[in-house]
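Novice: Could you work out the structure for the sequence below:
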Amino acid sequence: MGKKHIIAILALALCTVLCIVGVSTLNGRNAVQIKGERFHVSFSLPDGWEYRVDTDDYLGLDICLWPEGHSEEPMWLTCSAEAQSLYPTCVPRNMDLELTQSEFHGQDWRTIELNGVEYAYVTNGGLGGWWDEYRTETTEMIQTMRVKRIPMKELSEKEIIARAVELTAEMMDHPQPDAEAVFDKESHTWEVLVNGADGDSVAVTLGEYGDLKSRYYRTAPDGFSFALTWGCYGISSYDSDTGKLVKTNDATHPEDYVTEYRMTAEELAWIWDLIRDLDADSYPDEYDPGSGKSKPPMTLILTVRTADGEKAIAARGINAGYESPDPKGQKFLDTCRAIEDILTGTDAWQALPEFERLYR
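Specialist: So this is what the prediction gives:
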């Protein structure tokens with residue numbers, strides 16, 4: 001099997017949405033054809049060059065190309081379903097093209113606009129170390145690039161829901177087709193809530209053509225709340241049910257280190273996603289993650305409340321390094337640490353006084 005066939009197979013495997021990749025030989029060069037849902041692209045790939053194809057939920061294509069041995073200095077052919085205005089120094093594609101180093105240098109992030117269309121452009125991400133050797137091949141390759149934008153029709157509510165269910169299948173078990181979809185006339189977007197068979201749900205924001213506008217996230221179920229206690233000596237804690245956030249209980253005036261913070265629905269959703277993946281019920285009430293001991297020792301107590309009841313996992317006197325040789329123990333430590341990072345990154349935490357002692 002030749003290199004060009006291996007490259008084609010790898011490129012095809014990297015297409016996460018319907019995307020057809022073909023490679024043939026024409027006049028001694030590899031003629032590449034890529035057919036995505038929004039764009040069809042063709043170009044002649046010089047011998048010794050490699051490429052891969054990524055897609056972005058059928059919004060467009062991102063094709064990375066590089067000369068053999070220069071994978072750290074690639075160029076990109078980007079086709080975006082939304083017009084890009086990030087590169088005001090585009091060189092029109094429909095001119096006679098002979099690229100100089102100043103026109104195509106990584107530090108300048110110069111771009112070459114293809115077919116005179118604002119939806120497709122080429123960028124150089126490298127430092128120019130390969131330019132002297134490959135300038136002629138690069139110029140000739142770009143001159144062969146052709147991009148065709150495929151018009152998309154606006155989707156009906158039924159089609160939008162089907163698209164949302166398709167997307168959420170990657171995140172949840174058995175998404176139900178009876179999703180709720182609401183159209184926002186001001187933003188021209190659909191807000192879709194997809195429910196799963198196990199009672200959780202995922203929120204998705206889609207454009208009129210079914211393009212993903214925002215990251216979808218799992219919404220927390222009714223009745224969910226949590227509490228976390230963490231730290232060494234001067235213990236910190238938070239309870240989402242009451243909103244009480246304590247930076248430390250070891251201070252001259254501990255009342256100065258207490259505030260109220262109410263989490264947003266999205267923050268709760270992120271934490272619910274972490275806890276759901278943890279599978280808290282599989283841990284004992286008193287738990288040793290196998291991380292050893294430290295001086296001072298650390299305490300971690302994670303409490304999870306749902307409509308089905310309450311579960312607490314208490315790890316006391318453990319190592320403060322957040323590292324465990326046991327995968328299950330590491331999962332617990334990582335989950336607690338991720339929740340801590342969310343809490344300590346809030347404005348409410350940052351507004352509290354600095355710690356009086358240096359043991360943390």
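Novice: Name the nearest residue to S214, ignoring sequence neighbours.
Specialist: T205 (4.1 Å; Cβ to Cβ, 6 or more residues apart in numbering). All C-beta atoms are positioned from the backbone trio N, CA, C, and that covers glycine.
Novice: ok, now P74?
Specialist: Excluding the flanking residues, the one nearest P74 by Cβ to Cβ, 6+ apart is W66, at 4.0 Å.
Novice: ok, the one you found - how many residues close by?
Specialist: 20 (other Cβ atoms under 10 Å).
Novice: now what about the host helix or strand of it, what contacts it?
Specialist: Taking DSSP states H and E as the definition, one finds W66 inside strand 60-67. With contacts defined as Cβ atoms under 8 Å, 6 or more residues apart in numbering, strand 60-67 is touched by 19, 34, 36, 38-39, 41, 45-46, 48-56, 73-81, 119, 126, 130, 133-134, 137, 141.
Novice: How about stretch 317-335?
Specialist: Around stretch 317-335, the neighbours that count as contacts under Cβ under 8 Å, 6+ apart are 232, 274-275, 277-278, 282-283, 287-294, 296-300, 302, 313, 315, 337.
Novice: now do stretch 155-171
Specialist: Applying Cβ under 8 Å, 6+ apart, the external contacts of stretch 155-171 come out as 57, 175-177, 179, 181, 183, 190, 192, 194, 196, 202, 204, 206, 208-210, 212, 216, 218.
Novice: Return the subset of the residues you listed lying in strands.
Specialist: In this view, these that belong to strands under DSSP state E are A181, F183, W190, V192, V194, V202, V204, L206, L212, Y216, R218.
Novice: What residue spans form the domains of the chain?
Specialist: 3-149, 157-219, 225-350 (automatic domain parsing).
Novice: quick one, which of the ones you listed is nearest to E356?
Specialist: Of all these, domain 225-350 sits nearest to E356, with 5.3 Å by Cβ to Cβ.
Novice: Would you mind measuring the gap between the ends of that closest one?
Specialist: Using Cα to Cα, to the nearest Å, one end of domain 225-350 lies 23 Å from the other.
Novice: re earlier: got JSON lines for the ones in strands among the contacts of stretch 155-171, with distance to V165, pLDDT and neighbour count too?
Specialist: Shown next, in JSON lines, are those (distance: Cβ to Cβ, whole Å; pLDDT from 0 to 100; neighbours: other Cβ atoms under 10 Å):
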{"residue": "A181", "distance to V165": "11", "pLDDT": "91", "neighbour count": "18"}
{"residue": "F183", "distance to V165": "17", "pLDDT": "92", "neighbour count": "14"}
{"residue": "W190", "distance to V165": "13", "pLDDT": "91", "neighbour count": "22"}
{"residue": "V192", "distance to V165": "9", "pLDDT": "90", "neighbour count": "24"}
{"residue": "V194", "distance to V165": "6", "pLDDT": "87", "neighbour count": "27"}
{"residue": "V202", "distance to V165": "10", "pLDDT": "81", "neighbour count": "25"}
{"residue": "V204", "distance to V165": "9", "pLDDT": "84", "neighbour count": "25"}
{"residue": "L206", "distance to V165": "11", "pLDDT": "86", "neighbour count": "24"}
{"residue": "L212", "distance to V165": "13", "pLDDT": "75", "neighbour count": "17"}
{"residue": "Y216", "distance to V165": "11", "pLDDT": "65", "neighbour count": "21"}
{"residue": "R218", "distance to V165": "15", "pLDDT": "69", "neighbour count": "20"}
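Novice: got those residues as CSV, with distance to D256 columns?
Specialist: Converted to CSV, the ones in strands among the contacts of stretch 155-171 look like this (distance: Cβ to Cβ, whole Å):
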residue, distance to D256
A181, 48
F183, 48
W190, 47
V192, 45
V194, 45
V202, 40
V204, 43
L206, 46
L212, 45
Y216, 40
R218, 36
